[in-house]
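Participant: Sharing a model that was predicted from the sequence below.
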Amino acid sequence: MSNQPIEQQTAEPVSAEQAAIEKRREHLKNESTRIIEIANSESNSALKCIHQLSVAGGATEATYIAIEQRIVADQDTAGAYHLALLAQNTPDLPIDARQLIELVANKGDNQQRLALLKNLLLPPVELIKAQILASDDGDAIGQMNAYLQINPEGYGSHHMLSSGQFDQIVPLSPGNNNTDND
């Protein structure tokens, strides 16, 4: 018996695997190009782009940059919230998560601020706290105080989950885009 047929059998799965990888890479490249075109041409399209990115299962660095630029151009607090959450789970993304978080904290509504407080690993507690207190929204202040009562350090939900409590990422309702350019 010769080892040649075994070597050929081993080489086939490797080349099939390589072909699958190349096909996936080409698909992501095409999806990235499409998403970048949407971000560059449609105002207030950040959430749509983030959804498309999620469906595609990833994208190029340029795609994330285009989405971030769309968010900043539109001052889109809902898009900023979702991209910031994505960035905390993927630390090597080429975006400025700090800028996105500050956009939500400074221009978002109190539901978005509370969601940041609960869902970021290390939220800017003092900034969020100051903005919510300044709003004089009794309900939001109560929710914030209740959350900080059980979590005074302001560690995000990951900390709460590890302590046996159940919490999940807080979705934002559609239509919370802040489109005015203060």
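Facilitator: The structure has been received and is ready for your questions. Everything numeric here is computed off the predicted structure, so don't read it as measured data. Residues are numbered from 1 along each chain as shown.
Participant: Sketch out the low-pLDDT regions of this protein for me.
Facilitator: 1-14, 156-182 (pLDDT under 70).
Participant: cutoff 80 now
Facilitator: 1-14, 91, 152-182 (pLDDT under 80).
Participant: longest helix of it?
Facilitator: helix 4-41 (DSSP state H).
Participant: by contact count, what packs against whichever helix or strand Gln131 is part of?
Facilitator: Element membership of Gln131 [criterion: DSSP states H and E] is helix 125-135. If contacts are counted by 3 or more Cβ pairs under 8 Å, 6 or more residues apart in numbering; DSSP states H and E, helix 125-135 sits against helix 97-107, helix 110-119, helix 138-150. In short, each C-beta sits where N, CA and C put it, glycine included.
Participant: CA atoms of the last one as PDB?
Facilitator: Yep, that's helix 138-150 we're talking about. Provided in PDB are the C-alpha atoms of helix 138-150 (Å, rounded to 0.1, in the frame of the first residue of the first chain):
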ATOM      1  CA  GLY A 138     -38.100  61.600  38.200                       C
ATOM      2  CA  ASP A 139     -38.800  58.100  36.700                       C
ATOM      3  CA  ALA A 140     -35.300  57.900  35.100                       C
ATOM      4  CA  ILE A 141     -33.600  59.300  38.300                       C
ATOM      5  CA  GLY A 142     -35.500  56.600  40.300                       C
ATOM      6  CA  GLN A 143     -34.400  53.800  37.900                       C
ATOM      7  CA  MET A 144     -30.800  55.100  37.900                       C
ATOM      8  CA  ASN A 145     -30.700  55.300  41.700                       C
ATOM      9  CA  ALA A 146     -32.200  51.800  42.100                       C
ATOM     10  CA  TYR A 147     -29.600  50.400  39.700                       C
ATOM     11  CA  LEU A 148     -26.700  52.200  41.400                       C
ATOM     12  CA  GLN A 149     -28.100  51.100  44.800                       C
ATOM     13  CA  ILE A 150     -27.400  47.400  43.900                       C
END
